Structure formats: structure tokens, C-alpha cells
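Participant: Build me a structure from this.
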Amino acid sequence: MKVVSVDQMRELDIKTIEEAKIPGSVLMEKAGIGAGEKILDYLEHVDFSHIKRFLLLAGRGNNGGDVYVTAKFLYENCNADVVVYSVCPICELKGDAKKYAEMLPEGIFVDVKAKLSVNDFFKGDIIIDGLLGTGFSGALRQPYDNWIATINTLNLPVIAIDIPSGLNGDTGTVSKNAVRSDLTITIAQPKTGLIIGQGPEYCGQLEVVDIGIPESYIDEVYSELSLFTKIDAYPIVSRIPTNSHKKSLGSVLVIGGSVLYQGAPFLAGKAALRSGAGFVTVAIPESAGIVNQGIFSLITRRISDSGTGFFSKESIPEIMKLAESADSIVIGPGMSSNKSCLQLLTEILTLDKAIIIDADALNLIAKTTEILKNNSKYVFTPHPGEARRLSKGFGLDKGIEKDRILQAKILQEKIGGTVILKGHRTVIAAEKKPLSINGSGCPALATAGTGDVLTGMVAANTAVGLNSFEAACLSAFVHGLASQIGNKGMRGLIADDLVDLIPTALKLLSPFA
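Facilitator: Reported below is the predicted structural model:
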């Protein structure tokens, strides 16, 4: 899904109204109802005891108009109270915003306020921000600076419609303050300011509402950035042929583990199975003392390791034989940066196969960059620390770390293949492809082992025949979506739980999952 500027979005709206003859009121109604649906979806995973009242904050413009539509939808579709705090009386509104404000049911109380204080809110409030739209720039004026400052002092869930108020829709900058939202529901197309700069920090989780902008109009818009969403995932998750068997669904080889790190390769291997791979082998050093903890569907191979608990030169013949029959290969999870692993890694990198390079394999490459070949089938999965080490190893400017999008782009140009720069709003870069920003995920992923899960998912998707870029984009999205639907909460989800949520996440994307 294309990421657009504020002006591009404005032009799309105008063109849709004037050329496609879709009234602005229809677009506003779709936006407000769509936002309401996303709000209820999001709150399915919040305990009902935390939802007592929807408190919607309405500004003067179209963003406020969206809020009035959303308020009516919530009133008609849930049992909680619905209240609107407005910066102005309804009689001062104009156009479609006034129309929908006047259509509010009598049961919705509209309170016009000059200022807000913490006493205007209560435990159990869900705050919905519709104060300022994407047209905001410059410094906050009254009453918005007071309202936003007050919202940010509250320990209550905040949902922003279109963009967090106070965030610049083009630059992703905040002049003084902006609403810190837990979820942003952006309308029609994602805006650049949500993706770059401080945008990801302020917008939280991100959802997009389709309001019916003709696809042909969107195709005409130029953009270097794309946000990967459910819409993009749907056509990739295709029907499984009826006559499939375990080898036709892809064979994955995971090479990892050591005496120091024992669980990582099994997380990757199980994630590959849960993502649809038909046959997964985990190769581990035989002296590492690693035990397969009951994942009997994985094939475990204990590889000669010179008695050290680390892969060594002695490991190479057995590993290379296993690699012959694999459709994709994972190397690195738990392997350690022990120098004895370097020869094995060097041999694996000579293969003309999809190779997902993770964790300690990345660290070894950063130390010995000359072993890296030019192979478009490589997929690199660095977290920020590993990306920093790779950048240093390849002599890249340290300053690029300040801009994740630029960092992913330059790193990919240097090392080739597909780069998955993990983190909030994971960035995926590949040659001759638009930079893709992952549109799913939440802080529940900030726990050990979730990166190993993603690596296994990418391996499964390449093994089944997706190209490296598609596999990376789909895997990152499903990975993030699985974290959002987990019933353990933001603090309780662990990588082991995440693996088992992959099939559920896939089922949300496609009837063929």
C-alpha cells in the first residue's frame, strides 16, 4: 500500500469527489464507520473491565467530522457510554462535519470545553483523538496544546483517527507536543509522517481504513515507500494444491545452536512448520547438550563438532549433504560467534539457494566481510545492533543509524539480497523494489527469541516458492499480526507463544490459510 504525502492525499480526495463523483459525505461516513470497526477489533483483546466509556475528542475540521461518525457507530454497536468533548459548538462547524454532528443520537452527550484537566477523565475511558488532521503543521495553539498535554498525562488507552494530533503528516516531526497514541487508524492511505521521523513513536499500532478511493487514481501517485498491510498479504497467501505432500510444500534446513545458546534453532524450526513448510530439519552440534523439547515433528540432526559444542570444520560434510535436499536454509540462530563456525558459514554462502542469514551468522559476516557473495536469494535479518555491526564492518557511515529507512536502503545496496531491518516498523529493502514498511506488530515482540521465529517464517515462505522480498514482507507482517492477537497481553507473550499463533494470524489473512 503506497505511503503518500499530505498533498497527495488531498489531491486523491478531490479527484475522487470531482471525477469519480463520490460525495465527500460518503467518504467521511466510510472513514468514521471504518474507524469504529477498527476500534472494536482492537479492543477485543482488552479486558472488558477496562472499557467503561468512549471519550471522543473532536476538532473543527474533517477530522472532527470523522469523530462524529465514529461516535454514532460506537453508540449503536457497543454497550459503553459515548461522550464527545468538542473544541467548539456544533453550530460553528461547516459542511459534512456539521452534517454528521447534527445526526448524533440524543444519547451521546457533547460537551464543549475551553480546557481539559485530568478530572475530565475516568478509569475505563477509551480516548479517541480527532482534534487535528494531517493538515497540521507549525506550533500548537490553544486549546489544542492544553488538550494534548492533558491527554498525554493520563494512563488511559488512546486511539488516533487518521494521525495523532500535533504530528506533522509529511515530516513525522513534533514541534512541541503530539498525542501519543496506542493505535492510529489512518484513512485511505498511510501518510509519510506516520512512517518516518517521530511518527512510529507517536502512532503506536497502525491500521488503514479503505474509503473507496479508486485504485487507478492511487496507481498514478508516485511514492518510494510502501506500507505492507492485510490488503498486500491477501494475494500472497494462495491455495494449497490438493495433491500436495511434505516435500512439495518446501524443505527447510535450520543450522544453529551451540553449547551457549540452545533454544533458538528450535524456535526457528517450529516457526517454519507453523508457517506451512512441509519438512524441517534442525542441525545442531552433537556435543552442545541440546535436547529437542518435545517438538517431534522436527527432524533433529546432531552434527559432528570436534567435541567443542560449536560447529567446526568437521561439521561441513554432514551439513552440506543435508543442504543438498533443502529448498531454503537458515543459518545463525544460537550458533554463536565462535571462530570455528566461520568455515561452515563460508561454505553455506557458496550455495545457490534461498539462505536466511540471522543472528551470529550476521556477526561473523560483519567481522569477515570478504566471505559474503553476491546472491539475490540471501535474506538478512538484522536487529539494530546487528545492523550497526554490519554497517561498521562494511565501512558505512555511522550517521545512517539515525534514519532506519535510509539505513536499510544503504545496507541493502552494500550487501545485496533482501534486508529485513527489524524493530518498530520493520523496514524491508531489496534491489528494484520499493522500500516496504511493515504495518503490523506491537511491543509484545520485545522479548528474546521472537527474531528466531521470524527467521523460520521467512525460510518457510521462500521454501514454498515465494521470492525473497515477498517472503520477507509476508513473514514480517504475519509475525507482527500474531503478536497483536495473542491473549497473553503486551507483557506476557513469549516467543514460544508466538510460534503457535502463526496459523491463527494466517487465517485472518486468507481463506486458504
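
Participant: The closest residue to residue 362 other than its chain neighbours and residue 395, how far apart?
Facilitator: In this structure, residue 362 finds its nearest non-sequential neighbour in residue 386, 4.6 Å apart by C-beta to C-beta, 6 or more residues apart in numbering. From N, CA and C alone the C-beta is placed, and that goes for glycine too. Residue 386 sits at a distance of 16 Å from residue 395 (criterion: C-beta to C-beta, to the nearest Å).

Participant: more neighbours, those two?
Facilitator: In terms of neighbours (other C-beta atoms under 10 Å), residue 386 is the more surrounded of residue 386 and residue 395; the figures are 24 against 8.

Participant: for the more buried one, what are its contacts?
Facilitator: Contacts for residue 386 (C-beta atoms under 8 Å, 6 or more residues apart in numbering) come out as 359, 362, 363, 366.

Participant: Which of the residues you listed ranks first by neighbour count?
Facilitator: Highest neighbour count within those: residue 359, with 27 neighbours (other C-beta under 10 Å).

Participant: Identify the residues contacting that residue.
Facilitator: Residue 359 sits next to 256, 264, 332, 333, 334, 335, 381, 386, 451, 452, 455 when contact means C-beta under 8 Å, 6+ apart.

Participant: Kindly report the domain assignment for the chain.
Facilitator: Using automatic domain parsing, the domain ranges for the chain come out as 8-222, 251-509.

Participant: Look at the residue nearest to residue 362 and report its pLDDT.
Facilitator: With respect to pLDDT, residue 386 scores 97.

Participant: same deal with residue 92?
Facilitator: Value for residue 92, per-residue pLDDT: 96.

Participant: Skip the chain neighbours and tell me the closest residue to it.
Facilitator: Setting aside the residues directly before and after it, residue 92 is nearest to residue 60 in space (C-beta to C-beta, 6+ apart), at 7.2 Å.

Participant: just to revisit the earlier point, okay if I get the domains of the chain as CSV plus distance to residue 229?
Facilitator: Converted to CSV, the domains of the chain look like this (distance: least, C-beta to C-beta, whole Å):
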stretch, distance to residue 229
domain 8-222, 6
domain 251-509, 4
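
Participant: Deepest-packed of these, please.
Facilitator: Comparing the domains of the chain by mean neighbour count (mean count of other C-beta atoms under 10 Å), domain 251-509 ranks first with a mean of 21.

Participant: Which of the domains of the chain sits closest to residue 239?
Facilitator: With C-beta to C-beta as the measure, domain 251-509 is the member of the domains of the chain nearest residue 239 (12.1 Å).

Participant: Quick check: end-to-end length of that closest one?
Facilitator: With C-alpha to C-alpha, to the nearest Å applied, domain 251-509 spans 23 Å between its terminal residues.

Participant: hmm, back to that, could you say which helix or strand contains the residue nearest to residue 92?
Facilitator: In the assignment (DSSP states H and E), residue 60 maps to no helix and no strand.

Participant: Give me the pLDDT for it.
Facilitator: In this model, residue 60 carries a pLDDT of 92.

Participant: With the one 10 residues further on instead?
Facilitator: We note a pLDDT of 98 for residue 70 in this prediction.

Participant: Figure out which of the domains of the chain is closest to residue 235.
Facilitator: domain 251-509 (9.9 Å).

Participant: what's the distance between the closest one and the middle of its chain?
Facilitator: Put simply, domain 251-509 sits 17 Å off its chain's centre (C-alpha atoms, centre = their mean, to the nearest Å).

Participant: Next up, the contacts around the closest residue to residue 174 other than its chain neighbours.
Facilitator: Spatially, and ignoring its direct neighbours in sequence, residue 174 is nearest to residue 198 (5.3 Å; C-beta to C-beta, 6+ apart). By C-beta under 8 Å, 6+ apart, residue 198 lies in contact with 167, 172, 173, 174, 178.

Participant: do residue 423 as well
Facilitator: So residue 423 contacts 383, 384, 404 (C-beta under 8 Å, 6+ apart).

Participant: tell me the SS of the residue nearest to residue 214 when sequence neighbours are not counted?
Facilitator: Sequence neighbours aside, residue 20 is the residue nearest to residue 214 in space, at 5.4 Å (criterion: C-beta to C-beta, 6+ apart). At residue 20 the chain is in coil, as set by DSSP: H, G, I helix; E, B strand; the rest coil.

Participant: how far away is residue 20 from residue 189?
Facilitator: Separation of residue 20 from residue 189 (C-beta to C-beta) stands at 15 Å.

Participant: can you tell me which of the contacts of residue 423 lies nearest to residue 207?
Facilitator: For the contacts of residue 423, the minimum distance to residue 207 (C-beta to C-beta) is 20.8 Å, reached by residue 404.

Participant: pLDDT score for the closest one?
Facilitator: Listed pLDDT for residue 404 reads 95.

Participant: Break down the stretch 1-150 of the chain into its strands, ranges please.
Facilitator: Along the stretch 1-150 of the chain, counting by DSSP state E, counting those that start in this stretch, strands occupy 53-58, 81-86, 109-112, 125-130.

Participant: chain center to the third one, what's the gap?
Facilitator: Centroid separation for strand 109-112 versus its chain: 36 Å, with C-alpha atoms, centre = their mean.

Participant: ok, that strand: who's next to it in the sheet?
Facilitator: Applying DSSP bridges to the sheet, strand 109-112 is found paired with strand 81-86 (parallel).

Participant: Next, the residues that contact the partner strand from outside, please.
Facilitator: Residues contacting strand 81-86 (C-beta under 8 Å, 6+ apart): 52-58, 64, 67-68, 71, 74-75, 104, 107-113, 116, 120.

Participant: tilt between it and strand 53-58?
Facilitator: 20 degrees (axes from the mean of the first three to the mean of the last three C-alpha atoms, to 10 degrees).

Participant: Check the offset of strand 81-86 from the chain's centre.
Facilitator: For strand 81-86, the distance to the chain centre is 31 Å (C-alpha atoms, centre = their mean).

Participant: Could I get the average pLDDT for that strand?
Facilitator: 98.

Participant: How about stretch 436-444?
Facilitator: The average pLDDT within stretch 436-444 is 96.

Participant: Only C-alpha atoms, please: export it in CSV.
Facilitator: Taking Å, rounded to 0.1, in the frame of the first residue of the first chain, the C-alpha atoms of stretch 436-444 are listed here in CSV:
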residue,chain,number,x,y,z
SER,A,436,8.5,-1.7,2.4
ILE,A,437,7.5,-0.8,5.9
ASN,A,438,5.8,-3.5,8.0
GLY,A,439,2.3,-2.4,9.1
SER,A,440,1.8,-4.8,11.9
GLY,A,441,3.4,-5.5,15.3
CYS,A,442,3.3,-4.3,18.9
PRO,A,443,5.6,-4.1,21.9
ALA,A,444,4.8,-7.7,22.8
